[in-house]
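S.K.: have a look; sequence and predicted model below, questions after that.
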Amino acid sequence: CHTSGMLTPNGKEYAQKIPREELTHLILKLLQAWKEPLSHFNQHHQELPDDSLSKAKQISNMVHELKTGVEKSMGIISNSLNGMASSEAEGLSIGNEADMMSDSDFIHCFRRDSNKVQSYLKILKCRIMPENSC
Amino acid sequence: GQSYPGKPKIIRCRSLEKETFSCWWKPGSDGGLPTNYTLFYSKDSEEKTYECPDYQTSGPNSCYFDKNHTNPRATYSITVMATNEIGSNSSDPQYVDVTSIVQPNAPVNLSLETKPSVNTMYLWAKWSPPPLDDVNSNSYVYHYELRLKREEKKEWETISVGVRTQYKVIRLQAGMKYVVQVRCMLDVGEWSEWSSERCMQIPNGQSPPEKPTIIKCRSPEKETFTCWWKPGSDGGHPTNYTLLYSKEGEEQVYECPDYRTAGPNSCYFDKKHTSFWTIYNITVRATNEMGSNVSDPHYVDVTYIVQPDPPVNVTLELKKPINRKPYLVLTWSPPPLADVRSGWLTLEYELRLKPEEGEEWETIFVGQQTQYKMFSLNPGKKYIVQIHCKPDHHGSWSEWSSEKYIQIPTDFRVKDMVVWIVVGVLSSLICLIMSWTMVLKGYRMIAFILPPVPGPKIKGIDTHLLETGKSEELLSALGCHGFPPTSDCEELLIEYLEVEDSEDQQLVPSHDNGHPSKNAKMIPKETDSDSGRGSCDSPSLLSEKCRECRTLPSILQTPDVRDVQGSKGGKRTWETQCIASEQKTLLFNNESTKSSTWPAAQLPNNQPPMFAYHSTVDAQKITLNTTNVNIAPVLVGNEEKHQSQYPITETVHNDMEKQREVENLHSKTDQTTVQVKQNRSNDKSTFLNPKLMDYVEVHKVRQDEPAVLLKHKENSGKTEKYTVPGTSKEYTKVSTVVDHNILVLMPDSCIQHASVSQEPAMETPPNLQQGQGEKNMSYCLTAPSECRRETSGSEYMDPSSFMPSFK
């Protein structure tokens, strides 16, 4: 996976130890890393049946929205310039790699990364607001 | 004798290794003398002949050529000479090419071993090349061949081995004994002999273990995980299992950190050894004495193999809010190991419930809440409920929690109870009231509800018709089709008259009984008398008579007989009339019956047909006395239908007789309204002198209700009851028939004098005659009077006299 290079906590304890901002950064980095490849995927796979195509577009949109939402809720805006620049650069380079992947690998990597993002977000949520079903 | 030796023969030359060779010869006969043998050879085509260098080494009668004397490329010509005292003899020359006679000895030291291989056992055969004296023998290169077979079999399997002195035989069946041999050959020459046999038993069931398989890997809380495998067969030896894994992106292979915690044939990875979002490559190796075997690799990413434990602390609470139905709240806790609080693992729940006796579960998805409200359960029933959970992302459902029983309390609401109680009380009250009312005013009510059954009426006469006063209808109802009496009637009449008398007498006693039916018996006669049908009688009467007492068959008979002769129609009408009445089935169905029932004929005491009067009178009296009030005399409403031909209705009977008559009149209709009005002729023209006649009012005659003949004097009202006019007067004669439906009776002057005033018997005939003129009238002719009985009908109108006029 093109995001394998990223250092991400691969266990609960590690994830809990990381400070919040760092975790948020990580989430955003991950989301950013997938922006390019997803749109690329959509462009190059017009031959898929319509419902798959729409699903893929839907997912791209979701990723984008998620990213925006996280940014807003975390008040990252202030830091975003720095963070985003680097992450964008990173994302671009990573995105190039993503072109090389086969479709099944692409999907497999995306599935994993989205699961990562989901887990990190949940940890964040329960850290920030523990009363909601935590 | 002694002679020179026989010719020796060279039997064989052989080389073991191509560098030496030997020849053997066979001596011929020795001639009886000691013989010397010498071998001479020459090489190729050389002239020079040599003698054998060595006679010893190869044994007797052999010659051994050692290396120095052996030239593998040369061809030897060898002869053997046998010499004795007398002479000598030479064998044929033998040409020997050394290379062609090479044949090594068989290999030696054949040994066999069984060794386990990867999956099976193999046989390991080892041997040594044939020994040679020469030290250099090791330099010879032999080719070997091996052959083996199963001990019990015959066929050998030959395997070319090569130059090595060992060989591994595979594909051997366990438990079998094998036999092995080897032989060798040099590059030239022939194969050696087979070595001696060696046998080997392949051991049974001993093999390396079978490949194990990895069943599943699970993580209960997304922090650790466990893998389980299933061993194959162990190959007869104790087998060890080792689990090896490597992680994605790493080369290093690790062994399972913990074989015990999770039980046998499992490997437990604790937190330290568990990494997420990485793929593990896991294999299991089984090892035993015979070998080892490795399972297929199993790839697993821990994130996706989470299967939690079932939820715990399932509790129920019954809540009873005001103004609402009570409901049940089910609550539970997530499994203890799952860390839901940190958000690392999020669980979704699902519950299922079914009634205790039910078969199918109803599954309800609850989501991430840990409680559920149940509203729609049936009170009084017992339910079973279970819950399970699953991670909200990839993962699998846990096992169901243990069964929890719910018993819905059956509480009746107070309101409901009150309603039921009130209903119960009210209904019981109502019942009480009703029963009380019934008891007290039973009769009335019953009478109101079920009106009493009216008494018997004269059958055959339609009272309604009588009332309505439509003579035609009445008469037609009576069934008098052929009103004008036929000649048959005449005879009938006559006989009828006779019969009646006797009948009367008979009737009387029977009548005494007051039985309407008996009246009926009498009736025939009497009907004869009053209704025009007289003898014809009312069918009903006849029928009754017939039916009830067959003792009087004769009356009918005669008329019947006559009828037969006469017009059947008449009878038929009679019949129909009768039929019209209730006693349909009676007499008239059967002529014979009719006849049989007709009493007239049989009456021994038959008085002349006057009977009617007499009898009727008597009968009447008696009937009057005895009859039921309900019985009303039927007067003769004559109707056309009266085909009773000559109704000799004279007397007015209150009894059934009259009924019968009326019935006769009726014929078909049940009711006739016969009205004979005294001194009245409504629309009915009467040519009778009212004074002369006593009119009897006949009130409605209904079915089973006798028409009430009332003397006007006595009773002018319509009653169903019988008012007895008859006591004062007896109407025994029909004076006339008026208006088609009125029969005017003349009181019998003979009998009663008081009332009867001017009834001119004389007049009657004319009247009758006149009446005859009216078609619709039916006549009853001449009721006999008692007085005149003896006279046999002197007073009677002879129907025959005017009968024809009718025709």
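M.R.: Done, it's in.
S.K.: please make it C-alpha for all contacts and neighbour counts, starting now.
M.R.: Noted.
S.K.: show me the contacts for residue B:114.
M.R.: When contacts are counted by CA atoms under 8 Å, 6 or more residues apart in numbering or on different chains, residue B:114 is found next to B:121-124, B:202-203.
S.K.: just the residues you listed now: which is nearest chain A?
M.R.: For the contacts of residue B:114, the residue nearest chain A by CA to the nearest CA is residue B:121; the value is 44.1 Å.
S.K.: can I assume that closest one is in contact with residue B:176?
M.R.: No. With contact defined as CA atoms under 8 Å, residue B:121 does not count as touching residue B:176 (11.4 Å).
S.K.: now restrict the contacts of residue B:114 to buried residues only.
M.R.: Taking 16 or more other CA atoms under 10 Å in any protein chain shown as the criterion, what is buried in those is B:121-124, B:202-203.
S.K.: need the residues you listed in JSON lines with distance to residue B:281, pLDDT and secondary structure, can you?
M.R.: Putting the buried ones among the contacts of residue B:114 into JSON lines (distance: CA to CA, whole Å; pLDDT from 0 to 100; DSSP: H, G, I helix; E, B strand; the rest coil) gives the following:
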{"residue": "B:121", "distance to residue B:281": "31", "pLDDT": "74", "secondary structure": "strand"}
{"residue": "B:122", "distance to residue B:281": "33", "pLDDT": "81", "secondary structure": "strand"}
{"residue": "B:123", "distance to residue B:281": "37", "pLDDT": "83", "secondary structure": "strand"}
{"residue": "B:124", "distance to residue B:281": "38", "pLDDT": "87", "secondary structure": "strand"}
{"residue": "B:202", "distance to residue B:281": "38", "pLDDT": "76", "secondary structure": "coil"}
{"residue": "B:203", "distance to residue B:281": "37", "pLDDT": "72", "secondary structure": "coil"}
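S.K.: mutual contacts of residue B:121 and residue B:176, please.
M.R.: Contacts common to residue B:121 and residue B:176, judged by CA under 8 Å, 6+ apart, are residue B:202.
S.K.: which ones are touching the residue positioned nearest the centre of chain A?
M.R.: For chain A, residue A:31 is the residue whose C-alpha lies nearest the centre (CA atoms, centre = their mean; 2.3 Å). Residue A:31 makes contact with A:63-64, A:66-67, A:117, according to CA under 8 Å, 6+ apart.
S.K.: buried among these? Need that as a selection in ChimeraX.
M.R.: A single ChimeraX command suffices to select whichever of those are buried according to 16+ other CA under 10 Å:
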select /A:63,64,66,67,117
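S.K.: which bits of chain A sit near chain B?
M.R.: A:10-12, A:112, A:115-116, A:119-120, A:122-127, A:130, A:133-134 (CA under 8 Å from any CA of the partner chain).
S.K.: can you spell out the domain ranges of chain B, please?
M.R.: Domain ranges of chain B: B:9-97, B:111-132+B:140-202, B:213-301, B:312-414, per the TED database.
S.K.: the first one - what's its average pLDDT?
M.R.: Confidence over domain B:9-97, taken as the mean pLDDT, stands at 86.
S.K.: and the end-to-end length of that domain?
M.R.: For domain B:9-97, the first-to-last residue distance is 18 Å (CA to CA, to the nearest Å).
S.K.: what of the shortest one?
M.R.: The first residue of domain B:111-132+B:140-202 is 14 Å away from its last residue (CA to CA).
S.K.: let's have the domains of chain B in a markdown table, adding distance to residue A:50.
M.R.: Output for the domains of chain B, formatted as a markdown table (distance: least, CA to CA, whole Å):
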| stretch | distance to residue A:50 |
| --- | --- |
| domain B:9-97 | 86 |
| domain B:111-132+B:140-202 | 53 |
| domain B:213-301 | 31 |
| domain B:312-414 | 26 |
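S.K.: buried subset of the residues of chain A next to chain B, written for ChimeraX?
M.R.: Here is the ChimeraX selection string for the buried members of the residues of chain A next to chain B, based on 16+ other CA under 10 Å:
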select /A:11,12,112,115,116,119,120,122,123,124,125,126,127,134
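S.K.: narrow the residues of chain A next to chain B to those in strands?
M.R.: In strands, defined here by DSSP state E, there are no members of these.
S.K.: so which of the residues of chain A next to chain B sit within helices?
M.R.: The helices, defined by DSSP state H, take in A:12, A:112, A:115-116, A:119-120, A:122-127 from those.
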